[in-house]
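> Starting from these lines, generate the structure:
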Amino acid sequence: MQAINVEQLSFKYKHQASLIDNLDLSIEAGERFGIFGPNGAGKTTLMSLLAGLLPYKKGSIKILGTEVEMNQNAVNKLIGLVPQDFSFYEDLSPEENMDFFGAWYGLDQRSTKIRTAELLQTMGLAQVADKPVKTFSGGMKRRVNLAIGVMHRPQVLFLDEPTVGVDVQSRNAIISFLKQINEEGTTLVYTSHQLAEAEDLCNSVALFDQGSIIAKDSLSNLLHQHQKEGLEGLFLELTGRAYRD
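Okay, here's the model as predicted:
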């Protein structure tokens, strides 16, 4: 079953040339799928389109068979998003944030309370559940961000740089948690500049440059095909070594 199916998708910002041009992409349910490319390649724009944050006029994006553009409310129940920018209220505590977002996701109070306690314990935040998030370290804030994104048990989870700026312990905890929910059935769509981390997490990848996919396969197949030992070498071979803005 396809978790995501993109056909002939095109997108551009006003007064700019096309950033994404006639893109086709399919991601199978249950995959840990990575999207990688140089700065300016359009990765974050693509993630925003897939998650329904940007409207598109040409092409099709379906999440588990549901067209995103015409069924945003239904799609919001299927997906979760962990953006690079923090998506919580810093003056509130983790509990207060999750109470707010639980209501936004449509969870009842009892379900929200149970899920909040479960996630804060898993994320190592139970002892600071009533403390303002603005007092937290970067790694703790990343874990709050992740907990909010998975609160409603999404079937597809989009992750844009989910571990940027965190310590080794937080990164390890986050990646372990992502693998766990993937084993339980959540499809992961991930982008990051942490290529070593990506090798550990992703089993399939797409390299994205200038609005197009230039390679897509299992990571092992791509490394074998291009005779590379790691994702960094593959990335440089296919996208070049020149500076990107």
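> so how far is residue 155 from residue 74?
Relative to residue 155, residue 74 is positioned 12 Å away (Cβ to Cβ, to the nearest Å). From N, CA and C alone the C-beta is placed, and that goes for glycine too.
> Repeat that for residue 215.
26 Å.
> Please enumerate the helices of the chain.
43-50, 72-78, 94-105, 109-122, 138-149, 168-183, 195-201, 219-225, 231-239 (DSSP state H).
> could those helices go into a markdown table alongside distance to residue 131, mean neighbour count and mean pLDDT?
Output for the helices of the chain, formatted as a markdown table (distance: least, Cβ to Cβ, whole Å; neighbours: other Cβ atoms under 10 Å; pLDDT from 0 to 100):
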| stretch | distance to residue 131 | mean neighbour count | mean pLDDT |
| --- | --- | --- | --- |
| helix 43-50 | 31 | 21 | 88 |
| helix 72-78 | 29 | 15 | 90 |
| helix 94-105 | 8 | 19 | 94 |
| helix 109-122 | 11 | 16 | 95 |
| helix 138-149 | 9 | 22 | 93 |
| helix 168-183 | 17 | 16 | 91 |
| helix 195-201 | 28 | 18 | 81 |
| helix 219-225 | 39 | 14 | 75 |
| helix 231-239 | 37 | 17 | 68 |
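> how about those helices, which one is nearest residue 58?
Residue 58 sits nearest to helix 43-50 of all the helices of the chain, at 11.3 Å, using Cβ to Cβ.
> For the closest residue to residue 69 other than its chain neighbours, grab the count of nearby residues.
With sequence-adjacent residues excluded and distances taken as Cβ to Cβ, 6 or more residues apart in numbering, residue 69 is closest to residue 56, at 6.2 Å. Taking other Cβ atoms under 10 Å as the criterion, the count of residues near residue 56 is 16.
> where does residue 56 fall, phi/psi-wise?
Dihedral angles of residue 56 (phi, psi; degrees, to the nearest 10) stand at phi -130, psi 150.
> coming back round to it: would CSV of the helices of the chain with distance to residue 21 be doable?
Converted to CSV, the helices of the chain look like this (distance: least, Cβ to Cβ, whole Å):
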stretch, distance to residue 21
helix 43-50, 12
helix 72-78, 23
helix 94-105, 34
helix 109-122, 39
helix 138-149, 29
helix 168-183, 31
helix 195-201, 25
helix 219-225, 23
helix 231-239, 17
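> and residue 30, which of those is closest to it?
Nearest of these (Cβ to Cβ): helix 168-183, 7.2 Å.
> tell me the angle the closest one makes with helix 138-149.
20 degrees (axes from the mean of the first three to the mean of the last three Cα atoms, to 10 degrees).
> pLDDT value on the residue most central in space within the chain, please?
Centroid-nearest residue in the chain, with Cα atoms, centre = their mean: residue 159, separated by 1.6 Å. pLDDT for residue 159: 95.
> Same question for the one 3 residues further on.
At residue 162, the predicted lDDT confidence score is 89.
> so it touches residue 174, yeah?
Yes. Using Cβ atoms under 8 Å, residue 162 is in contact with residue 174, at 6.1 Å.
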